[in-house]
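Undergrad: after the sequence you'll find the predicted model.
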Amino acid sequence: MGAPLDLFAAVAPEGAWTVSEVTRRARAVVEVGLPPLWVRGEISGFKAWQSGHWYFALRDRTSQIRCVMFQKDNRRLPAPPPDGMQVFVFGRPTVWEEKGELRLTVVELLSTERGGLWQLAFERARAALAKDGLLDPARKRPLPLHPQRIAVVTSPDGAALQDILAVARRRWPLAEVLVVPTRVQGDGAEQSICEALALLGRIEDLDVAIVGRGGGSREDLWTFNSERIARAVAGAPVPVISAVGHETDVTLCDLVADHRAPTPSAAAEAATPDRSDVLAALSNLGARLARGLATRAERTGQRLERTFDRLAAAVTLRLERDGHRLSAVSGRLDALSPLKILERGYSLARDADGRVLKRVAQFPAGRTFRLRVSDGEVPARVVAS
């Protein structure tokens, strides 16, 4: 057996220790004896307070330890860890004096799963967007062929903006590029981007928008994995081109945008036509139009010529038919002519005034008249009546 416990030797000069003195001394001993360290365990009883602080227990099969992760440290993480997740935490062991509990003040938290909390948060947000149909390719809008006004939502101080402006001016100087400034990382970036996207609806005659930034670490680009920003992009009134980071970086903003560009420069190329290509197309169109007009004029001339030939033939035929009818009528009229009757041996008597004498009473003795025969007139006089 060990040495007997001397109850009186453990008494302080001032008497028995108070609870506060014990917990204070325990805290000092723990903080001096245990430096900051990595601990592995399972999240249990997670609670996020309105202050932004996280409280949870870290446990294994036989033990657990209470943990706190303050808002200034946990705000760097994309999402809170769910209960049951295996994690690595780095923290400072201490004693919570008010409760007399051993506690770990966590400053870093990593999931043991592949991708960790970042991938977990990404998949959760992606599933929510897919559920609402925002990842459906059928809802993506086509980009305008010849935009006149382009909005760029990005940092006014970043290299991405200069790349976009340079490419747009070179390819399609007719377009007006409007910069909608916003923060692209850090505190307040999510709210700033959402407010910038909301301004797109107030820009008159806007054709297309580019949203993005240059490259960076996963943490730098994480703002564009915000579900709130992704929904704002999907709700934009015009087609949106997303250009976040480099080609290997894929964000939720890229997935919901109408077009994803691997870089800001590529986004500007997607938004604008190349003026040299447009001029070449116009030249080709002009040549095709000229050839088409020439062909059309030639065909029209040929049709007019064929029509003229048909018309001339129809007129000739009509004249021939009318000539035949006229000859027939002329023959009938000639047959009825008095001259034809005279040719058959008849004659016609007329007085000096040219009136036709048709009755015997008109021929008294001694009257002179003219007798019309087939080949002329003969003077005559009545000898006796």
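TA: Yep, it's here.
Undergrad: for the chain, what's the longest helix?
TA: Secondary structure of the chain per DSSP state H: the longest helix is helix 275-335.
Undergrad: now the helices for the stretch 101-250 of the chain?
TA: 116-131, 159-171, 189-198, 218-221, 227-234 (DSSP state H, counting those that start in this stretch).
Undergrad: roughly how far is the longest helix of the chain from the heart of the chain?
TA: Centroid separation between helix 275-335 and its chain, computed with CA atoms, centre = their mean, to the nearest Å, is 48 Å.
Undergrad: with stretch 261-273 instead?
TA: A distance of 15 Å separates the centroid of the chain from that of stretch 261-273, by CA atoms, centre = their mean.
Undergrad: try stretch 358-376
TA: Put simply, stretch 358-376 sits 109 Å off its chain's centre (CA atoms, centre = their mean).
Undergrad: picking up where we left off before, pLDDT of the longest helix of the chain, averaged?
TA: Helix 275-335 comes out with an average pLDDT of 83.
Undergrad: what helices and strands are in contact with that helix?
TA: Where contact means 3 or more CB pairs under 8 Å, 6 or more residues apart in numbering; DSSP states H and E, helix 275-335 is not packed against any helix or strand. For every residue, glycine as well, the C-beta is placed using N, CA and C.
Undergrad: following element in sequence after the worst-scoring helix or strand of the chain on mean pLDDT, please.
TA: When each helix and strand of the chain is scored by mean pLDDT, DSSP states H and E, helix 338-343 comes last, with a mean of 67. Sequence order places strand 348-350 as the next helix or strand after helix 338-343, per DSSP states H and E.
Undergrad: what does that next one contact?
TA: 338, 342, 356-357, 363, 369-372, 380 (CB atoms under 8 Å, 6 or more residues apart in numbering).
Undergrad: could you do stretch 220-229 as well?
TA: With contacts defined as CB under 8 Å, 6+ apart, stretch 220-229 is touched by 78, 118, 121-122, 125, 128-129, 184-185, 189-190, 193-194, 197, 212-213, 215, 242, 244-245, 249, 251-254.
Undergrad: again, only using 7 Å
TA: The contact list for stretch 220-229 (CB atoms under 7 Å, 6 or more residues apart in numbering) reads 78, 122, 125, 128-129, 184-185, 189-190, 193-194, 244-245, 249, 251-253.
Undergrad: same thing with stretch 29-38?
TA: The contact list for stretch 29-38, computed with CB under 7 Å, 6+ apart, reads 88, 90-95, 102.
Undergrad: switch the cut-off to 8 Å
TA: With contacts defined as CB under 8 Å, 6+ apart, stretch 29-38 is touched by 88-95, 102, 107.
Undergrad: and if you look at stretch 170-184?
TA: With contacts defined as CB under 8 Å, 6+ apart, stretch 170-184 is touched by 146-156, 158, 161, 164-165, 168-169, 189, 192-193, 195-196, 199-200, 203, 206, 213, 223-224, 268-269, 272-275.
Undergrad: what about stretch 258-265, average pLDDT?
TA: The model assigns stretch 258-265 a mean pLDDT of 94.
Undergrad: how long is that stretch from one end to the other?
TA: End-to-end distance for stretch 258-265, by CA to CA, to the nearest Å: 17 Å.
Undergrad: right, and residue 40 touches residue 86 too?
TA: Yes. Counting by CB atoms under 8 Å, residue 40 does reach residue 86; the two are 7.2 Å apart.
Undergrad: mutual contacts of those two, please.
TA: Contact criterion CB under 8 Å, 6+ apart; residues bridging residue 40 and residue 86 by contacting each: residue 112.
Undergrad: now the buried members of the contacts of strand 348-350.
TA: Listed as buried from the contacts of strand 348-350 are 357, 369-370, 372; burial here means 16 or more other CB atoms under 10 Å.
Undergrad: which residues touch residue 125?
TA: Each residue near residue 125 by CB under 8 Å, 6+ apart is listed here: 225-227, 230, 252.
Undergrad: cutoff 6 Å now
TA: Taking CB atoms under 6 Å, 6 or more residues apart in numbering as the contact definition, residue 125 lies against 227, 252.
Undergrad: and the strands in the stretch 51-200 of the chain?
TA: Remark: strands assigned in the stretch 51-200 of the chain by DSSP state E, counting those that start in this stretch are 54-59, 64-69, 86-96, 101-111, 149-154, 176-181.
Undergrad: between these, which one is nearest to residue 27?
TA: strand 86-96 (3.9 Å; CB to CB).
Undergrad: quick check: buried residues in the closest one?
TA: Neighbour-count burial for strand 86-96, with 16+ other CB under 10 Å as criterion, is recorded at 87, 89, 91, 93-95.
Undergrad: pick out whichever of those residues sits closest to residue 258.
TA: Nearest to residue 258, judged by CB to CB, of the buried residues of strand 86-96 is residue 87 at 37.8 Å.
Undergrad: measure residue 188 to residue 75 for me?
TA: 11 Å (CB to CB, to the nearest Å).
Undergrad: where does the stretch 101-250 of the chain have low pLDDT?
TA: 114-115 (pLDDT under 70).
Undergrad: next, count neighbours for residue 188.
TA: A count of nearby residues for residue 188, using other CB atoms under 10 Å, gives 11.
Undergrad: need phi/psi at it.
TA: Per-residue torsions, residue 188: phi 80, psi 0 (degrees, to the nearest 10).
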